[in-house]
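K.L.:
predicted model follows, preceded by the sequence.
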Amino acid sequence: MKINIDKEKCTGCGTCVALYPQVFTLDSDGKSKVVDQKSCETGECDCQVAVDSCPSQAISLKK
Ligand code: SF4
């Protein structure tokens, strides 16, 4: 699974960063970016939780 952030939709609220700081960080533009795809693939990050927790539906998972 690959995590994708839709920067157009992301408001930079920081929820995903608070949940999984090893996977998400806030970029210099104030939007979320993925810094560790592997945690999603290995299951260390329950990325579906991040998807469901994003208030802007900016996070999606792709196979
Ligand atoms: S939870 Fe969603 S809107 Fe908030 S920073 Fe993460 S991707 Fe952006």
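P.N.:
Sure, I can see it.
K.L.:
tell me how far the lengthiest helix in the chain lies from the chain's centre.
P.N.:
The longest helix of the chain (DSSP state H) is helix 47-53. Mean-position distance between helix 47-53 and its chain equals 8 Å (CA atoms, centre = their mean, to the nearest Å).
K.L.:
next one: stretch 6-25
P.N.:
For stretch 6-25, the distance to the chain centre is 5 Å (CA atoms, centre = their mean).
K.L.:
same check, this time on stretch 41-54
P.N.:
8 Å.
K.L.:
likewise stretch 19-36?
P.N.:
7 Å.
K.L.:
got it, and stretch 23-41?
P.N.:
That offset, for stretch 23-41, works out to 6 Å (CA atoms, centre = their mean).
K.L.:
gap between the two ends of it?
P.N.:
11 Å (CA to CA, to the nearest Å).
K.L.:
and if you look at stretch 39-47?
P.N.:
9 Å.
K.L.:
show me the contact partners of it.
P.N.:
1-3, 20, 22-23, 36, 38, 59, 61 (CB atoms under 8 Å, 6 or more residues apart in numbering). All C-beta atoms are positioned from the backbone trio N, CA, C, and that covers glycine.
K.L.:
please redo it, this time with the cut-off set to 7 Å
P.N.:
Residues outside stretch 39-47 that contact it (CB atoms under 7 Å, 6 or more residues apart in numbering): 1, 3, 20, 22-23, 61.
K.L.:
likewise stretch 19-29?
P.N.:
Under CB under 7 Å, 6+ apart, the answer for stretch 19-29 is 12, 14, 16-17, 32-36, 39-40, 45, 49-50, 53.
K.L.:
identify each buried residue in it, please.
P.N.:
19-20, 23-24 (16 or more other CB atoms under 10 Å).
K.L.:
which bits of this structure sit near the ligand?
P.N.:
Residues of the chain lying near the ligand by CB under 6 Å from any ligand atom: 5, 10-16, 32, 54, 56, 58-59.
K.L.:
same list, these, but as a markdown table with secondary structure and pLDDT please.
P.N.:
Below are the residues of the chain next to the ligand laid out as a markdown table (DSSP: H, G, I helix; E, B strand; the rest coil; pLDDT from 0 to 100):
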| residue | secondary structure | pLDDT |
| --- | --- | --- |
| 5 | strand | 97 |
| 10 | coil | 98 |
| 11 | coil | 98 |
| 12 | coil | 98 |
| 13 | coil | 98 |
| 14 | coil | 98 |
| 15 | helix | 98 |
| 16 | helix | 96 |
| 32 | strand | 98 |
| 54 | coil | 98 |
| 56 | coil | 98 |
| 58 | coil | 98 |
| 59 | strand | 97 |
